[in-house]
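S.K.: 3D, please:
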Amino acid sequence: MTIHENIARLKMKIENVAKRVGRNANEITIIAVAKTFPVEKIEEAIVSGIGIIGENRVQEAKAKFEIIGNRVVWHLVGHLQTNKVKDALKIFSLIHSLDSMRLAEEIERRAENSIDCLIEVNTSKEETKFGISPDELFKFYESIKEFKKINILGLMTIGPGWAITDPEASRPCFKVLRDLRDELAQAFDKPFSILSMGMTSDFEVAIEEGSNMIRIGTAIFGPKSKVNTPP
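M.R.: Residues are numbered from 1 along each chain as shown. From the prediction side, this is the model:
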């Protein structure tokens, strides 16, 4: 199938699951995750109506941004190293992966203007995953809420590794994130309107659990390509 056909199929699935749970499909934002895919594939996605591109690595995004520029909005959906913050701030409109005080302090120090961020929460509690522990989320937000350059719009999480073959495995993680968002919003009297959760394997479960931002790579671009880019 072509990228255009993949996007049409994806939108149909979003429409169906949203209808099933009484939601408006227009509330759900698609982030087309272009990790490892070349500019040509991104161009196809743009022509097919994609307006937001997600990237996992700053260096890879930087090379693509030099060609595509601001014809789309760019989101960083992967882990951000502190030594890449300066470049990231030049490219991305939303950072999905704020996951430590050290990173928050570096963003605050480097940013010339306010930057929108999501706090990444490790709801699966897997040691291989980045993210704030659910138990530490309130303390972490309390520590950064007065930062002038960081604007927290919501939360992000990733389902467990085995969700690739068992999408239902992500449901408890997504429920935890939704509940944390609701508790955080009540405690700090702020909406935290974005719930970034759900990828190709489990986005339907994520929508059922309240996600309004899904990060889709394979279902749009197909199997990952191999690229030679710095980490």
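S.K.: which other residues reach whichever strand or helix holds Asn16?
M.R.: Using DSSP states H and E, Asn16 maps to helix 3-20. Contact partners of helix 3-20, identified using Cβ atoms under 8 Å, 6 or more residues apart in numbering, comprise 1, 24-25, 27-28, 30, 41, 44-45, 47-50, 203-204, 207-208, 214, 216, 219-222. For glycine as for every other residue, the C-beta is placed from the backbone atoms N, C-alpha and C.
S.K.: what's the helix or strand that that helix is followed by packed up against?
M.R.: Toward the C-terminal end, the helix or strand that comes next after helix 3-20 (DSSP H and E) is strand 29-33. Contacts defined by 3 or more Cβ pairs under 8 Å, 6 or more residues apart in numbering; DSSP states H and E place strand 29-33 against helix 3-20, strand 52-55, strand 213-216, helix 218-221.
S.K.: roughly how far is the last one from the heart of the chain?
M.R.: It refers to helix 218-221. Distance, stretch centre to chain centre, for helix 218-221: 15 Å (Cα atoms, centre = their mean, to the nearest Å).
S.K.: Could you check that helix and say which residues are buried?
M.R.: 219-221 (16 or more other Cβ atoms under 10 Å).
S.K.: on that earlier part again, by how many degrees do the helix holding Asn16 and strand 29-33 diverge?
M.R.: Inter-element angle recorded for helix 3-20 and strand 29-33: 140 degrees (by axes from the mean of the first three to the mean of the last three Cα atoms, to 10 degrees).
S.K.: picking that back up, to Phe140, which of the helices and strands packed on strand 29-33 lies closest?
M.R.: For Phe140, the closest of the helices and strands packed on strand 29-33 is strand 213-216, at 20.3 Å, according to Cβ to Cβ.
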